[in-house]
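**Student:** whatever this is, show me its structure:
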Amino acid sequence: MEMTSMPLKRGCLVVEDDDSVTLQEETKKQKVSECCLTSSQDGIENDSLHSSKEEPGPPEVESTKKDEKSSCAQVQVEEEEEDSLLETGEEEEPESFADMMRHGLTELDVGITKFVSPHEGFSGILKERYSDFVVHEIGKDGRISHLDDLSVPVDEEEPSEDALTVLTAEDRQQLEELQLFKNKETSVAIEVIEDTKEKRTIIHQAIKSLFPGLETKTEDREGRKHIVAYHAAGKKALAKVRTAPDPRKHSWPKSRGSYCHFVLYKENKDTMDAINVLSKYLRVKPNIFSYMGTKDKRAITVQEIAVLKISAQRLAHLNKCLMNFKLGNFSYQKNPLKLGELQGNHFTVVLRNITGTNEQVQQAMQSLKETGFINYYGMQRFGTTAVPTYQVGRAILQNSWTEVMDLILKPRSGAEKGYLVKCREEWAKTKDPASALKKLPVKRCVEGQLLRGLSKYGMKNIVSAFGIIPRNNRLMYIHSYQSYVWNTMVSKRLEDYGLKPVPGDLVLKGATATYIEEEDVSNYSIHDVVMPLPGFDVIYPKHKISEAYREMLTADSLDIDNMRHTIRDYSLSGAYRKIIIRPQNVSWEVVAYDDPKIPLFNTDVDNLEGKPPPVFASEGKYRALKMDFSLPPSTYATMAIREVLKMDTSIKKQTQLNTNWLR
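**Tutor:** Coordinates of the predicted model:
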C-alpha cells in the first residue's frame with residue numbers, strides 16, 4: 001500500500017454551499033403553516049444549549065385554545081421582524097460570493113495535504129441540493145435512527161373503570177377548578193360514603209390519575225372520613241403560575257419517565273438552530289433539550305433528541321406547525337441524552353454530474369471500503385473567512401487577550417453578512433463596544449456576545465468579557481488549534497513513514513496509549529495507529545514526529561511540556577485520534593438521470609408518505625454516484641468524499657470550481 005500526495009487539480013468537487021443565497025427562500029419556508037402551541041421567547045441565546053449552568057426549568061404546561069390560536073400569528077410576526085433586521089445589512093454586496101471566497105482558507109492552510117489511494121480522481125457536485133446529503137444518527141445501541149412512526153404513546157398506567165366512576169360530576173368540576181387555580185379554595189374535600197380502605201384507595205388513585213397536579217390525604221372531619229385534595233406547592237405554585245409562563249413540575253404523571261425521547265427529522269437547519277426553533281414554539285428554555293451530537297445544516301439529518309417533561313402529544317402537535325421539521329418515534333425515558341453517547345452516523349450522499357468512468361468509480365469506492373481515508377479534521381473546523389478559528393485558539397493559549405479580541409472583532413476579508421461587516425468597521429473606527437453592538441440586529445453571535453461583555457466589564461478585562469461567550473463556543477477555538485496541529489503532524493507522519501506502522505508509533509490499549517516496539521510491528525496495521533492532539537495528559541510518538549510537534553508549538557510560543565493554562569477552562573489535556581478510518585457498511589451505485597432537480601433517493605418522510613422510490617433509466621443526460629457509509633463520531637464525511645474524488649474540499653476552492661462549472 002503506498003500513500004500518495006496527488007496534485008489537487010486532477011479531481012474536482014463542485015459544492016453549492018452559499019447559504020446566504022437561499023436565506024430569504026429558507027425563511028419563507030420556515031413560516032408556520034398552521035397554528036402552533038405558544039408564542040416565542042425573546043432573547044434566546046443561539047448557542048446556550050449545553051453551556052447554561054441553570055437547572056432545567058419545569059417545562060410542561062398545556063396551553064389554552066386561545067393561546068394556540070393567537071400564538072402562531074405572534075411567532076410569525078416576531079420571525080418577520082427578525083428577518084427584516086437580518087436583511088437590512090444585506091443591500092448590494094460589493095463583491096460576489098465567489099469573489100469574497102478568494103480570501104478563504106484552502107486545505108493546504110490547515111495541514112490537509114495527503115491521499116492514501118493511488119486511483120485517479122474525477123469530479124462531481126456535492127450538495128447541489130441539500131437533500132443530496134442525508135445523515136442518520138447511530139445510537140448508543142448501534143441502531144440507525146429512522147423517523148418511521150408518528151403515533152403518540154399511551155401512558156402505561158391508565159385510570160381504572162372504578163376510578164372513572166367513583167367521582168361525581170360535581171367532584172370533578174371542583175377538582176378541575178382547583179387544579180387550574182380557578183377559585184380561591186386551597187383544597188377540595190370529598191366525603192367517603194362507604195368507608196373502607198379499598199374505597200379510599202380508589203378515590204386517591206382517581207384524583208391523582210385524572211388530576212396529576214394534585215396531591216391527596218385522608219382526614220377525619222366530625223367523625224367522618226374525607227379525602228382532601230390540594231396543591232403540593234400551595235400558594236407558591238399559584239403565585240408562580242400567575243406571574244410566569246413556566247409550567248408546574250408536579251403536573252407530570254408519575255407513571256412516565258421524566259424525559260420524552262423523539263426522533264427529529266430536519267432539513268437545512270443545524271441542530272442548535274433546530275432546538276431554538278422548537279423551544280420558541282414550546283415556550284421553554286433550550287437547555288431542557290439534550291442530544292448525543294450536532295448535525296450539519298446543509299443536509300437532511302435524523303437524530304434522537306430528549307426533552308424534560310414535555311408530552312409527546314404536545315411535541316407531535318408541532319408537526320402541524322413547522323415546515324422542514326418532523327418529530328416522531330416518541331417514548332418516555334428516565335434519563336436525558338448526553339453528548340458523545342452516539343456510536344456514529346450513517347451517511348447517504350449523492351455526487352451529481354460525475355465525470356469518472358465506471359471503472360474509476362469502482363476503484364475509488366473499493367479503496368474507500370478496504371483502505372479508508374485520512375482522518376483529517378474537515379474544513380468546517382476552521383471557519384470560512386481570512387481569520388481562521390485556530391488563530392484565535394492559539395492566542396487564547398498564549399494568553400494574548402488583546403489579540404483574541406482583535407482577531408474576533410477586526411474587519412476581515414471573506415464572505416460575511418452585511419451587518420457583521422458594518423459592525424467590524426464601526427469597531428475598527430471607534431473601538432467602542434456599545435457603538436459596534438448597535439450595528440448588530442442579532443446579538444447572539446460570538447461578536448455580539450463579546451461586545452456585550454466588553455460593554456459590561458470594560459476594555460481592561462477582556463478575559464471576563466470573553467467569558468460571556470458560551471463555554472462550548474470558547475472551547476471551539478482551542479479545539480480548532482489542536483485540530484490544526486493534528487492535521488499538520490499527521491500529514492508529516494504519512495510523508496515520512498507512509499501507510500505502515502513503524503516502531504515508536506502509538507496505539508491504544510483500552511484508553512491507554514502505548515508505543516509499538518520493533519518486535520511488535522507485525523501485530524498492527526495502519527488502522528491501529530493513533531496520533532495525539534497536544535495537551536498535558538498525552539504522550540508523543542517515539543520517532544522524529546515527536547520533535548516536529550515540539551518545533552511547531554515552540555514556533556507558536558507554546559511550551560509542549562506545560563499545556564496547563566492559568567485559566568482552568570483553557571488547559572488542554574489532549575486526546576488520541578486514529579490516523580486512518582475505514583468506513584463501515586459501504587455501498588454505492590452509479591445512476592443515470594436527466595432532470596438535475598429530481599431527488600435520487602427517498603427520505604424518511606418520503607417513505608412515511610408512501611412515495612415510491614425513484615426509477616432510473618439505463619441512460620440519461622447526467623450520471624450520479626450514490627454512496628452509503630457509516631462513520632464513528634468526530635470523523636468528517638467530507639474527508640471520505642475527498643479521498644474518493646481527489647479534490648480540495650474548501651469552500652474557497654469549490655466556489656471557484658462551481659463558478660467555472662456554471663459557465
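**Student:** tell me the pLDDT of Arg424.
**Tutor:** If you check Arg424, the pLDDT there is 91.
**Student:** what's the answer for Pro58, then?
**Tutor:** pLDDT recorded at Pro58 is 35.
**Student:** do the same with Thr430
**Tutor:** At Thr430, the pLDDT value in this model is 93.
**Student:** that one contacts Ala436, doesn't it?
**Tutor:** Yes. Counting by C-beta atoms under 8 Å, Thr430 touches Ala436, with 7.0 Å between them. The way it works is simple: take the backbone N, C-alpha and C, and place the C-beta from them, glycine included.
**Student:** for these two, indicate the residue with more neighbours.
**Tutor:** Using other C-beta atoms under 10 Å, the more surrounded residue of Thr430 and Ala436 is Ala436, with 25 against 11.
**Student:** point me to the helix or strand that includes the more buried one.
**Tutor:** According to DSSP states H and E, Ala436 maps onto helix 433-437.
**Student:** helices of the stretch 151-300 of the chain, start to end?
**Tutor:** Assigned by DSSP state H, counting those that start in this stretch, the helices in the stretch 151-300 of the chain fall at 161-165, 169-179, 197-210, 234-243, 271-282.
**Student:** for the longest one, buried residues please.
**Tutor:** The reference is to helix 197-210. Neighbour-count burial for helix 197-210, counted by 16 or more other C-beta atoms under 10 Å, picks out 199-200, 202-210.
**Student:** which one of the residues you listed sits closest to Val152?
**Tutor:** Nearest to Val152, judged by C-beta to C-beta, of the buried residues of helix 197-210 is Ser209 at 18.0 Å.
**Student:** report the contact partners of Asn562.
**Tutor:** Asn562 is in contact with Phe536, counting by C-beta atoms under 8 Å, 6 or more residues apart in numbering.
**Student:** in the stretch 301-450 of the chain, where is pLDDT below threshold?
**Tutor:** For the stretch 301-450 of the chain, residues meeting the criterion pLDDT under 70 lie at 414-415.
**Student:** can you state the direction angle for the longest helix seen in the chain and helix 271-282?
**Tutor:** Assignment by DSSP state H gives helix 471-497 as the longest helix of the chain. Using axes from the mean of the first three to the mean of the last three C-alpha atoms, to 10 degrees, one finds that helix 471-497 and helix 271-282 are set 160 degrees apart in direction.
**Student:** what's the next secondary structure element after helix 471-497?
**Tutor:** strand 506-509.
**Student:** how distant is the helix or strand that that next one is followed by from the center of its chain?
**Tutor:** Using DSSP H and E, the helix or strand that directly follows strand 506-509 along the chain is strand 512-515. Between the centre of strand 512-515 and the centre of its chain there are 32 Å (C-alpha atoms, centre = their mean, to the nearest Å).
**Student:** what does stretch 202-213 give?
**Tutor:** Its chain's average C-alpha position is 40 Å from that of stretch 202-213, according to C-alpha atoms, centre = their mean.
**Student:** for the record, mean pLDDT for that stretch?
**Tutor:** On average, the pLDDT along stretch 202-213 is 75.
**Student:** count of neighbours near Ile112?
**Tutor:** 25.
**Student:** how about it, what does it touch?
**Tutor:** Contacts here follow C-beta under 8 Å, 6+ apart; on that basis Ile112 touches 374, 376, 379, 487, 491, 639, 642.
**Student:** mind listing what's buried in the longest helix of the chain?
**Tutor:** Judged by neighbour count using 16+ other C-beta under 10 Å, the buried positions of helix 471-497 are 472-494, 497.
**Student:** quick one on the thing from earlier: just flag the most distant two among the contacts of Ile112.
**Tutor:** Met379 and Ser491 (14.7 Å).
**Student:** next, the contact list for the closest residue to Val521 other than its chain neighbours, please.
**Tutor:** Distance criterion C-beta to C-beta, 6 or more residues apart in numbering; nearest residue to Val521, sequence neighbours excluded, is Pro501 at 5.7 Å. Each residue near Pro501 by C-beta under 8 Å, 6+ apart is listed here: 507, 516, 521, 524-526, 528-529.
**Student:** for His565, give its distance to Ser571.
**Tutor:** Using C-beta to C-beta, to the nearest Å, His565 is found at 4 Å from Ser571.
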